[in-house]
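A.B. asks: show me the folded form of this:
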Amino acid sequence: MKPSNLGNYFEDFIVGETVEHSLTKTIFESDNNFFSLLTMNHHPVHLSLEHVKNHQHGKILVVGTLVFSIVVGITVPDISGKAIANLEYESIKHLGPVFINDTISAKTTILDKWETKSKKDRGIVYVDTVAYNQNNEAILSFKRKVLIPKSV
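C.D. replies: Numbering: from 1, shown residues only. Now for the predicted structure:
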């Protein structure tokens, strides 16, 4: 059996390339409830069917930070699996609602990369990730900078 290839090295990233991540995640009611409790976000729009009857969507919305966390996780095998550190997240945009039982997928485009000035064994990769629901509607986007080691 061949071991899994978790992440990539700095040299493997090609500016302009788009990675379609193979992982997906269906968000279940239990995921949303547990995350709401864990993060102390008890807003009824995330937890109460009675409350959302009069809400614009008429159904429970998944907590936005849960969606963000899931999408970051989806990208780990391809983007940050070998990372030394995630340095920065920027321009996090919630582009559409996410509901219980939506299935999330993501694509990441490599925007830029450069070697670090202080240590020659690593570099910074700058990426843009967009997440989609099962209807291929964009629901979240963000950019981030990841510190990645070189292969040698």
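
A.B. asks: pLDDT score for the nearest residue to Phe35 once chain neighbours are set aside?
C.D. replies: Counting by C-beta to C-beta, 6 or more residues apart in numbering, Leu66 is the residue found nearest to Phe35 once chain neighbours are left out, at 4.3 Å. To be clear about C-beta, it is placed using only N, CA and C from the backbone, and glycine gets the same treatment. For Leu66, the model assigns a pLDDT of 97.

A.B. asks: which residues touch Leu66?
C.D. replies: Residues in contact with Leu66 (C-beta atoms under 8 Å, 6 or more residues apart in numbering) are 27, 31-32, 35.

A.B. asks: tell me the secondary structure at it.
C.D. replies: helix (DSSP: H, G, I helix; E, B strand; the rest coil).

A.B. asks: what's the separation between it and Leu37?
C.D. replies: Distance from Leu66 to Leu37, counting by C-beta to C-beta, to the nearest Å: 11 Å.

A.B. asks: and if you look at Ile104?
C.D. replies: The gap separating Ile104 from Leu37 is 21 Å, by C-beta to C-beta.

A.B. asks: and those two? Which one has more around it.
C.D. replies: Taking other C-beta atoms under 10 Å, Ile104 and Leu37 do not tie; Ile104 has more neighbours (22 against 11).
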